[in-house]
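[1] Give me a 3D structure for the following:
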Amino acid sequence: MVLQYDFNNYVPSMRIAVLDNDRSQAELICQVLSAAGHSCQFFDNGKDMLAQMRKDSTDLLIMDWPAGDLEAADVLRRAKEKMAPDAPAMFVVGGSAEDDIVAGMMAGAGDYVVKPLRRGELVARVSALLRRAYPSQAGTEQLQFGPYVFETRPGRLLKDGNVIDVTQKEFYLALLFFRNIGRPLSRAYIHEAVWVRETAVPSRTMDTHVSRVRNKLSLRPENGFRLVPVYSYGYRLEKLGAM
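    Residues are numbered from 1 along each chain as shown. Modelled structure (predicted):
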């Protein structure tokens, strides 16, 4: 087929369709799920999404409830007709819209998230939904970036075939950087990805973990990668030259 990474329950990359007429919210959902390794496409109306579903397979549908241009329950029903029998759907709803929550679940959605969206919760719920829908695909996966290989279960990291001794958080942090090569990641984003259940994480704790990742993985220019701070923002992993 994250944002807290839980690689004991990892799912491979999946094709996700997002239906939301709020472009900023749709872009946020796709940004978060793309960072977690999924392929995400958003639509601002149900007609375009349903037309695209006739051409391309979709592993998961995420839709705002209500859906905007069409009746939400009808969109969900028609979308599921174009998806595999076990393909799941979830919806995004206002926190006080109990009637919409009931309607969405009755219409066949497998789960929902409440606005305002929280990145960690979104990835955790999407991962859980995908694991239930595709249990045979939730096994070991290897992700390779140059000489680095991440074995998502049991969370092992290798460089040039040699195991690197990293903690769980260092593993999660390193994979977060490699999945976002060239993209500046804010401290808040990193916090939600790696320390999602820990509300108070001192700045020096994050800096220490980043420093350990840099040193243990030898992320230096001579090895083709450079992990650098972004002033007053966070960190960025850069790929240098051809690997």
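[2] Quick one: neighbours of Asp100, just the number.
    Close neighbours of Asp100, defined as other Cβ atoms under 10 Å, add up to 18. The way it works is simple: take the backbone N, C-alpha and C, and place the C-beta from them, glycine included.
[3] Cross-check the contact I'm expecting between Leu70 and Lys47.
    Yes: contact status for Leu70 versus Lys47: in contact at 7.0 Å, counting by Cβ atoms under 8 Å.
[4] out of those two, which sits in the more crowded spot?
    A direct count of neighbours by other Cβ under 10 Å for Leu70 and Lys47 places Leu70 higher, at 17 against 11.
[5] List the contacts of the more buried one.
    Asn45, Gly46, Lys47 (Cβ atoms under 8 Å, 6 or more residues apart in numbering).
[6] Nearest to Gly108 among these?
    Gly46 (15.3 Å; Cβ to Cβ).
[7] Please state the backbone phi and psi of the closest one?
    phi -70, psi -30 (degrees, to the nearest 10).
[8] how near is Ile164 to Gly146?
    For Ile164, the distance to Gly146 equals 14 Å [Cβ to Cβ, to the nearest Å].
[9] Looking at those two, which one has more neighbours?
    The neighbour count for Ile164 versus Gly146, taken as other Cβ under 10 Å, is higher for Ile164 (18 against 15).
[10] Would you mind checking the average pLDDT for stretch 209-226?
    On average, the pLDDT along stretch 209-226 is 93.
[11] again with stretch 22-41
    87.
[12] Stretch 92-99 too?
    82.
[13] What residues of it count as buried?
    For stretch 92-99, a neighbour-count test (16 or more other Cβ atoms under 10 Å) marks Val92, Val93, Ala97 as buried.
[14] ok but the first one is inside a strand, no?
    Yes: membership of Val92 in a strand is supported by DSSP: H, G, I helix; E, B strand; the rest coil.
[15] right, and it touches Asp64 too?
    Yes: counting by Cβ under 8 Å, Val92 does reach Asp64; the two are 5.0 Å apart.
[16] Tell me the residues that contact both of those two, please.
    Common neighbours of Val92 and Asp64 (Cβ under 8 Å, 6+ apart) are Asp20, Gln25.
[17] between the contacts of Leu70, which is closest to Leu122?
    Distances from Leu122 to those, taken by Cβ to Cβ, are shortest for Gly46, at 21.2 Å.
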